[in-house]
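1. Sequence plus predicted model, see below.
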Amino acid sequence: MSTSSQYDVVIVGGGSAGITVAAHLQQSDRAPESIAIIEPSDTHYYQPIWTLVGAGVFDKEISERPMAEFIPEGVTWIQDYAETFDPDANTVSTQSGDTIEYNYLVVAPGIQLDWDGIPGLADAVADPRSGVVSNYAYEYCEDTWDTMQTLQPGDSAVFTQPATPIKCGGAPQKIMYLTADHLRKRGILDDVSVQFYTPGTVIFGVEKFARTLRDVVDRYGIDVHLHSELVEIRPDTNEAVIRGTGGGDSAPGERVVSYDMLHVTPPQSAPDFIKESPLSNDEGWVDVHKHTLQHNTYDNIFSLGDASSTPNAKTGAAVRKQAPTVVHNLLQLMHDGEITAPKEYHGYSSCPLVTGYGKLVLAEFDYDNEPDPTFSFDTSQERYSMYALKAYGLPQMYWHGMLRGRA
């Protein structure tokens with residue numbers, strides 16, 4: 001039996017963005033009278049730690065907590081899937097058939113992993129014996145470590161990045177550097193072929209950090225192929241089909257690469273229910289102003305996080321800066337009827353690039369790919385202190401600070 005309910009603010013998504021916005025709203029001295037989060041999952045994951053799970057540093061269970069622990073007190077949790085939007089009627093319909101009415105809507109459902117976007121990937125990554133692994137899912141990230149340990153002299157370890165936007169753009173490289181460092185520790189790095197295929201034109205988009213990464217690549221002897229994209233996996237023969245775009249040293253057309261370990265970053269996109277909604281732009285993302293995060297058509301709708309159209313790198317650090325922007329502008333609109341003094345987001349994102357066990361380059365930058373540092377020292381250099389920050393400091397800040405509206 002379907003039901004109808006109404007709230008001042010409805011938040012679609014209980015991930016990093018949705019929970020953080022709810023916490024900030026609830027703590028405001030101008031907090032809305034009623035807030036609801038539509039989120040189907042029982043479990044909340046701290047996904048950035050999956051890189052270190054895949055490298056054998058942590059068990060994957062360290063990344064999960066019950067969702068109920070993080071729904072702010074006083075916020076209604078609607079444990080269901082959002083399915084359709086009617087922004088003219090100010091309603092969201094859920095998979096169970098309920099209609100949720102809102103005065104203001106925050107859309108933050110995250111990004112969709114398109115495992116079927118590469119032929120052969122979905123079946124191969126689900127088989128822990130295939131050699132095909134990915135740190136992009138809780139159920140698969142420990143397979144990376146198991147497979148890494150099986151590499152022997154004469155083997156090939158292949159790492160790929162898709163042409164689509166992805167969450168944590170540095171993740172395809174982080175596990176590659178950790179794998180190379182693992183092989184170095186075992187004394188077989190020179191005897192294993194480590195290869196990276198990316199459709200990108202450079203190793204990293206901010207030159208200050210790219211300089212260090214080129215040195216890291218040289219140190220490990222990694223064979224980097226720019227302008228190159230994985231388009232098919234043949235798990236029966238342990239072959240990856242790579243398509244070159246013809247840029248740089250990449251010849252146009254397809255070639256076949258053999259692998260013993262293949263780490264795949266799956267293609268990604270906005271969730272289907274967002275793509276099919278009136279909220280999306282031509283590329284399928286929630287269509288918002290890149291500074292105010294207000295929808296470009298519907299004034300009472302805001303969006304942040306991976307599903308929004310903002311052209312920043314899709315990271316949790318970006319969400320940490322976006323959430324206060326959404327809350328400030330939403331509350332001003334709610335109480336004043338217009339946004340007269342908008343808070344603006346300028347594309348800040350952070351990519352903690354692990355370059356080996358105990359080594360990390362902290363890349364922070366804005367919409368213009370200009371460095372936007374938090375620290376006064378040069379974080380483009382590999383440092384143990386920044387590695388410790390990622391491994392131990394940032395998870396605590398996430399669970400006890402960001403999701404509680406304190407950071």
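-> Alright, I've got the coordinates. Numbers count the residues shown, from 1 in each chain.
2. how close does residue 223 sit to residue 217?
-> 9 Å (Cβ to Cβ, to the nearest Å). Glycine gets a C-beta too; all of them are placed from N, C-alpha and C.
3. so where's the chain shaky on pLDDT?
-> 1-2, 248-250 (pLDDT under 70).
4. domain ranges for it?
-> Per automatic domain parsing, the domain ranges recorded for the chain read 4-111+270-346, 115-265.
5. Now do the contacts for the residue positioned nearest the centre of the chain.
-> The centroid of the chain falls nearest to residue 167 when counting by Cα atoms, centre = their mean (2.4 Å). Residue 167 makes contact with 47, 110-111, 136, 268, 306, 314-315, according to Cβ atoms under 8 Å, 6 or more residues apart in numbering.
6. swap the cut-off to 7 Å and go again
-> For residue 167, the contacting residues are 111, 268, 306, 314, by Cβ atoms under 7 Å, 6 or more residues apart in numbering.
7. try residue 306
-> 110-111, 167, 314.
8. pretty sure it is in a helix, no?
-> No: looking at residue 306 with DSSP: H, G, I helix; E, B strand; the rest coil, it is coil, so not inside a helix.
9. Just give the number of residues close to the closest residue to it other than its chain neighbours.
-> Leaving out its chain neighbours, the residue that sits closest to residue 306 by Cβ to Cβ, 6 or more residues apart in numbering is residue 111, at 3.8 Å. Look at residue 111: counted by other Cβ atoms under 10 Å, it has 21 neighbours.
10. Could you verify my assumption that residue 111 touches residue 315?
-> No: Residue 111 is beyond contact range of residue 315, at 11.2 Å (criterion: Cβ atoms under 7 Å).
11. Nearest residue to residue 101 in space, ignoring adjacent ones along the chain?
-> residue 6 (3.9 Å).
12. Does the one you found fall in a helix, a strand, or a coil region?
-> Assignment for residue 6 (three-state DSSP): strand.
13. want to throw the contacts of residue 306 into TSV with distance to residue 287 and secondary structure?
-> As requested, the contacts of residue 306 are arranged in TSV below (distance: Cβ to Cβ, whole Å; DSSP: H, G, I helix; E, B strand; the rest coil):
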residue	distance to residue 287	secondary structure
110	17	coil
111	16	coil
167	19	strand
314	16	strand
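14. Rebuild these as TSV, extending it with distance to residue 151.
-> Shown next, in TSV, are those (distance: Cβ to Cβ, whole Å):
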residue	distance to residue 151
110	32
111	30
167	27
314	30
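15. between those, which is nearest residue 40?
-> Set against residue 40, the nearest of those by Cβ to Cβ is residue 110 (11.9 Å).
16. just to revisit the earlier point, neighbour count: residue 223 and residue 217, which is higher?
-> residue 217 (20 against 13).
17. Figure out the helix or strand that the more buried one lives in.
-> In this assignment (DSSP states H and E), residue 217 forms part of helix 207-220.
18. residues of that helix that come out buried?
-> When burial is assessed from 16 or more other Cβ atoms under 10 Å, helix 207-220 yields the following buried residues: 208-209, 212-213, 216-217, 219-220.
19. How about stretch 380-388?
-> So, applying 16+ other Cβ under 10 Å, buried residues of stretch 380-388: 380, 382-383, 386-387.
20. and the next element down the chain from the helix or strand hosting residue 242?
-> In the assignment (DSSP H and E), residue 242 maps to strand 239-244. Sequence order places strand 253-258 as the next helix or strand after strand 239-244, per DSSP H and E.
21. could the contacts of residue 167 go into JSON lines alongside distance to residue 354?
-> Supplementary listing: those in JSON lines, determined by distance: Cβ to Cβ, whole Å:
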{"residue": "111", "distance to residue 354": "21"}
{"residue": "268", "distance to residue 354": "21"}
{"residue": "306", "distance to residue 354": "21"}
{"residue": "314", "distance to residue 354": "18"}
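22. Tell me where the stretch 151-300 of the chain has helices.
-> Along the stretch 151-300 of the chain, counting by DSSP state H, counting those that start in this stretch, helices occupy 171-186, 207-220, 272-275.
23. repeat for the stretch 301-407 of the chain
-> 316-336, 384-388, 394-400.
24. Residues contacting the first one, please?
-> Going back to what we said before, that points to helix 316-336. 16-17, 20-21, 24-25, 28, 30, 32, 48, 104, 106, 292-294, 299, 302, 304-305, 312, 339-345, 348-350, 398, 402, 407.
25. related to what we said a few turns ago, quick one: which of the contacts of residue 306 is nearest to residue 155?
-> Checking the contacts of residue 306 one by one against residue 155 (Cβ to Cβ), the nearest turns out to be residue 167, at 28.9 Å.
26. Return the distance of that closest one relative to residue 197.
-> With Cβ to Cβ as the criterion, residue 167 and residue 197 are 19 Å apart.
27. swap in residue 26?
-> 45 Å.
28. Of the two, which one has the most company?
-> residue 197 (24 against 17).
29. If the nearest residue in space to the more buried one that is not next to it in sequence is in a bridge, with which residues?
-> The spatially closest residue to residue 197, leaving aside those adjacent along the chain, is residue 228, at 4.2 Å (Cβ to Cβ, 6+ apart). Here residue 228 sits in beta bridges with residue 244, going by DSSP bridges.
30. I'd assumed residue 240 was in contact with residue 228.
-> No: using Cβ under 7 Å, residue 228 makes no contact with residue 240, being 10.5 Å away.
31. Could you give me the buried positions within stretch 230-248?
-> 230-231, 233, 235, 238-245.
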